[in-house]
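K.L.:
3D, please:
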Amino acid sequence: MRKADSLRRWLTACVPEFKTHPDRLQIYLESGQIAARQSRTLSFVYQYTLKALVTDFAGDADRLVIPVLAWIEKEQPQLLRKSDSQPFAFEAELLDSETSDIEISIDLTENVVVTSRVDGSGYDAVHPEEPDFKDAFAGVAASFTEVFAGNESLTIGDGE
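P.N.:
Numbers count the residues shown, from 1 in each chain. Next comes the predicted model:
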């Protein structure tokens with residue numbers, strides 16, 4: 001799934017420990033489902049819970065939570081518009097006075113638009129970008145991604 005790879009790249013770029021200790025960040029998927037209806041297209045939606053397990057994390061949890069919120073703002077912005085104001089869940093095990101294991105759970109979807117090729121040679125699958133809600137609320141200028149990118153364009157993926 002594209003978003004699992006995207007989160008790994010993003011957290012590795014934002015949290016220096018993951019560059020030197022990549023084994024401390026484990027990404028896996030649970031409760032995966034496919035949503036599809038018989039229609040004129042073969043398009044469907046991946047639905048799953050992404051789990052990010054961070055082991056032996058030292059320091060303030062804000063160093064992890066803020067990058068995750070910035071990633072959500074780009075990759076699944078609907079989660080920041082939920083009526084319960086809870087874009088993701090987490091659990092933590094305090095290992096000692098300085099380190100903990102933290103598991104983050106994010107319910108994600110990935111749309112896949114499938115189109116048949118005109119020449120009959122198969123199909124093409126495209127994962128469209130998520131909608132941009134930046135101007136959804138008049139007068140609200142706060143953005144998690146601005147923490148990392150300022151006025152520069154934020155690229156989470158690998159040039160997508």
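K.L.:
output the lowest mean pLDDT helix or strand found in this protein.
P.N.:
Ranked by mean pLDDT, DSSP states H and E, the weakest helix or strand in the chain is helix 146-149, scoring a mean of 56.
K.L.:
residue ranges of the helices in this structure, please?
P.N.:
Assigned helices in the chain, in chain order: 2-14, 17-20, 62-75, 146-149 (criterion: DSSP state H).
K.L.:
dump those to a markdown table, plus mean neighbour count and distance to Glu110.
P.N.:
C-beta here means a position set from N, CA and C on the backbone, and glycine is covered the same way. Output for the helices of the chain, formatted as a markdown table (neighbours: other CB atoms under 10 Å; distance: least, CB to CB, whole Å):
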| stretch | mean neighbour count | distance to Glu110 |
| --- | --- | --- |
| helix 2-14 | 18 | 6 |
| helix 17-20 | 14 | 23 |
| helix 62-75 | 19 | 9 |
| helix 146-149 | 15 | 23 |
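K.L.:
as CSV, those helices with distance to Phe88 would be great.
P.N.:
Below are the helices of the chain laid out as CSV (distance: least, CB to CB, whole Å):
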stretch, distance to Phe88
helix 2-14, 11
helix 17-20, 18
helix 62-75, 7
helix 146-149, 17
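K.L.:
out of these, flag the one nearest Ala52.
P.N.:
Evaluated over the helices of the chain, closeness to Ala52 peaks at helix 2-14, with 6.4 Å, by CB to CB.
K.L.:
wait, Ser116 touches Arg40, no?
P.N.:
No. Under the criterion of CB atoms under 8 Å, Ser116 makes no contact with Arg40, lying 10.1 Å away.
K.L.:
when these two are compared, which one has more neighbours?
P.N.:
Shown here are Ser116 and Arg40; by other CB atoms under 10 Å, Ser116 has more neighbours (12 against 5).
K.L.:
where does pLDDT dip in the chain?
P.N.:
Within the chain, the segments meeting pLDDT under 70 span 133-160.
K.L.:
thanks a lot, catch you later.
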